[in-house]
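*Asks:* Fold the stuff below for me.
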Amino acid sequence: MQKFSYRGRRRVLAANAIEITCDDCGRTKLWTRVTLESVVTSTTTLDDLGARLFCSACRLRGGGGYNVRLRPLSERERASAAGFEERR
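*Replies:* Next up is the predicted model:
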């Protein structure tokens, strides 16, 4: 069963970035504004995008991989997350 953010009706392009987390394996991915603009349209909501996403790591292990959670990030959160990714 898919779980979505409580702000699921929010337009994707209203966010600066989106954090995508698999609730099964804990894998996290950060999509920045540039990535979002290449993937979605101006009318795409978080629910619409979440219905199309899956965790490839869980799929490789034989699961469905559809238990993903989306969280829109503010500019400050995005900068903090990007800095964390660079330090890894």
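*Asks:* May I see the buried residues of stretch 47-61?
*Replies:* 47, 49, 50, 53, 54, 55, 58 (16 or more other Cβ atoms under 10 Å). C-betas here are computed from N, CA, C, even on glycine.
*Asks:* Format these as a markdown table; extra columns: distance to residue 21.
*Replies:* Shown next, in a markdown table, are the buried residues of stretch 47-61 (distance: Cβ to Cβ, whole Å):
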| residue | distance to residue 21 |
| --- | --- |
| 47 | 16 |
| 49 | 14 |
| 50 | 11 |
| 53 | 11 |
| 54 | 13 |
| 55 | 9 |
| 58 | 12 |
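*Asks:* ok, those residues vs residue 28, which is closest?
*Replies:* Distance to residue 28 across the buried residues of stretch 47-61 (Cβ to Cβ) is lowest for residue 55, with 10.2 Å.
*Asks:* thought the closest one was touching residue 25?
*Replies:* Yes: with contact defined as Cβ atoms under 8 Å, residue 55 reaches residue 25; the gap is 6.4 Å.
*Asks:* Poorly predicted segments of this protein, please.
*Replies:* Within the chain, the ranges that satisfy pLDDT under 70 run 1-8, 75, 78-79, 81-88.
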